[in-house]
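>>> Okay, predicted coordinates and the sequence, questions at the end:
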Amino acid sequence: MEIASVLFGREEIRRRVQELGRTITGDYVGREPVFVTVLRGGAIFLADLVRAVDVPLQTHFLAISRYGGAETSLGRVRVLLDIDVDLAERDVVLVEDIVDTGLTVSYLLSALKVRGTASIEVCTLLDRSVRRIAPLQPRYVGFDCPDRFVIGYGMDFRDRFRNLSDILAIEDMDRLKSDLSLLDPAHERPQVAQGRGRGYPGRT
């Protein structure tokens, strides 16, 4: 069994991010939205997304820690780094790498709305809607994600693999846990097909 497979390849991601950027541009003509993301997972997606948006904008970051598990805490979080700009009457786009249960995102939306925002929408690269608990539907979605553990393009395992260019689905978690170096970026091979579901060899 391969340790991981390419779920979404880098070129597929690049094209979809460009499409999202064009859509957001059309929706925000004449406005100056504030793009907010949560560190650290959303940073790579945010960086590529804002360069695909052709309207004036601002970017800001949040850092949070959860109170226990998301389900038991109802998504409540402790804010470690807050936004240092007044959001009153501003149009906000909350940028996420992945939305699954929606509990944490719903909590963040509520926390941002009380600041008097004119509007607030969610843009997520991956929507793992099969796990949704909160009644949440992001306005902008890159890809529908199956119920798989994914890494790459900002998403991590034990704070590793955020810098992988593809989004990988882990096929053999036990093997990865035993040796995290198996998926180090230095071991990517140019000849590996970027198509969805193809094997990602790591080291043998």
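Arrived safely, thanks for sending. A quick note: this is a predicted structure, and the numbers were derived from the prediction, not measured.
>>> contacting residues around residue 56?
For residue 56, the contacting residues are residue 32, by Cβ atoms under 8 Å, 6 or more residues apart in numbering. Every C-beta, even on glycine, is put in place using the N, C-alpha and C of the backbone.
>>> What of residue 79?
Counting by Cβ under 8 Å, 6+ apart, residue 79 touches 62-64, 111.
>>> Check the spacing between the spatially most central residue of the chain and residue 108 real quick.
Note on the chain: the residue nearest the mean C-alpha position is residue 97, at 0.3 Å, using Cα atoms, centre = their mean. Going from residue 97 to residue 108 by Cβ to Cβ, to the nearest Å gives 13 Å.
>>> Quick check: closest non-adjacent residue to the residue nearest to the centre of the chain.
Once flanking residues are discounted, residue 97 sits nearest to residue 41: 4.1 Å by Cβ to Cβ, 6 or more residues apart in numbering.
>>> so the one you found sits right up against residue 155, yeah?
Yes. Counting by Cβ atoms under 8 Å, residue 41 touches residue 155, with 5.7 Å between them.
>>> Find the residues that touch each one of the two.
Listed contacts common to residue 41 and residue 155 are 97-98, 162; contacts here mean Cβ under 8 Å, 6+ apart.
>>> Now pLDDT too, for those, in TSV please.
Formatted as TSV, the shared contacts of residue 41 and residue 155 follow (pLDDT from 0 to 100):
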residue	pLDDT
97	94
98	94
162	91
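>>> So which of the residues you listed belong to strands?
Judged by DSSP state E, the shared contacts of residue 41 and residue 155 include 97-98 as members of strands.
>>> What is the nearest of the shared contacts of residue 41 and residue 155 to residue 36?
Residue 36 lies nearest to residue 97 out of the shared contacts of residue 41 and residue 155, by Cβ to Cβ, at 13.2 Å.
>>> least trustworthy helix or strand in this structure by mean pLDDT?
Here the helix or strand of the chain ranked lowest by mean pLDDT, DSSP states H and E is strand 198-200, holding a mean of 42.
>>> beta partners for the closest residue to residue 105 other than its chain neighbours?
Leaving aside its sequence neighbours, residue 105 sits nearest to residue 99 (Cβ to Cβ, 6+ apart; 5.4 Å). Judged by DSSP bridges, the bridge partners of residue 99 are residue 127.
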